[in-house]
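Colleague: Return atomic coordinates for the entry below.
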Amino acid sequence: MSKRVQLVLNKDISKLGKSGDLVEVAPGYARNYLLPLGLAVHTSPGVLKQVERRKEQERIRLAELKQQSELIKKAIEAMQTISIAKQVGENDAIFGTVTTQEVADAILSLTKQEVDRRTITMPDVHQLGAYTAEIKLHPEVSATVKIQVVPA
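Modeller: Model (predicted):
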């Protein structure tokens, strides 16, 4: 069995690692694929210091994102409920449904905090009433918001 080669990845490679990761691969894989295409570089003390510096900067950036998400969560949960007006038919059934875009727009108008509609998870809304939606602001931070569907 030949010995393995340590490399630092320049780009994300599926099933191997992300950019900046220190990986051990077979010498042929490194010599014939990773190094010629510029996907990785040999390790050296200088390269390892750069990797550590990048990881520290990324850790700080992620901590700031989490802190911003916490602030947005507080602003969203400070409001009591969001009222969304819809046209009503028979038996309190609404025409259409309440979309995540409508919820995101309502949050923006009430709190001045922008929320991506794709992060909102809500039940199917086809009738008047109160509903609860969950907003995933960060992998570790999520907020809940109460939605009141009222007749227009």
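
Colleague: Would you map the strands across this protein?
Modeller: Ranges of strands in the chain, per DSSP state E, are 5-9, 22-25, 40-42, 81-86, 120-121, 129-138, 141-151.

Colleague: According to the record, where do the domains of the protein fall?
Modeller: Here the domain assignment for the chain is 5-66, 69-151, based on automatic domain parsing.

Colleague: Redo the ones you listed as CSV? Include mean pLDDT and mean neighbour count.
Modeller: All C-beta atoms are positioned from the backbone trio N, CA, C, and that covers glycine. Shown next, in CSV, are the domains of the chain (pLDDT from 0 to 100; neighbours: other C-beta atoms under 10 Å):
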stretch, mean pLDDT, mean neighbour count
domain 5-66, 92, 13
domain 69-151, 90, 15
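
Colleague: List the contacts of Lys86.
Modeller: Ile94, Phe95, Gly96, Val98, Leu128, Val149, Val150, Pro151, Ala152 (C-beta atoms under 8 Å, 6 or more residues apart in numbering).

Colleague: Oops, could you answer that again for Gln80 instead?
Modeller: Contacts of Gln80 by C-beta under 8 Å, 6+ apart are Lys146.

Colleague: I'd like the distance between it and Ala130.
Modeller: Gln80 sits 11 Å away from Ala130, going by C-beta to C-beta, to the nearest Å.

Colleague: Report the set of residues contacting both of those two.
Modeller: Here Gln80 and Ala130 have Lys146 as joint contacts, going by C-beta under 8 Å, 6+ apart.

Colleague: shouldn't Ser142 be in contact with Ala133?
Modeller: No - contact criterion C-beta atoms under 8 Å: Ser142 and Ala133 do not qualify, at 10.6 Å.

Colleague: Which residue, neighbours along the chain excluded, lies closest to Glu102?
Modeller: The shortest distance from Glu102 to any non-neighbouring residue, by C-beta to C-beta, 6 or more residues apart in numbering, is to Ile84 (5.8 Å).

Colleague: can you pull up the bridge partners for that neighbour?
Modeller: Val149 (DSSP bridges).

Colleague: List the contacts of it.
Modeller: Taking C-beta under 8 Å, 6+ apart, we find Ile84 in contact with Val98, Glu102, Val103, Ala106, Ile147, Gln148, Val149, Val150.

Colleague: Just name the closest of these to Arg4, please.
Modeller: For the contacts of Ile84, the closest approach to Arg4 (C-beta to C-beta) belongs to Val103, at 50.9 Å.
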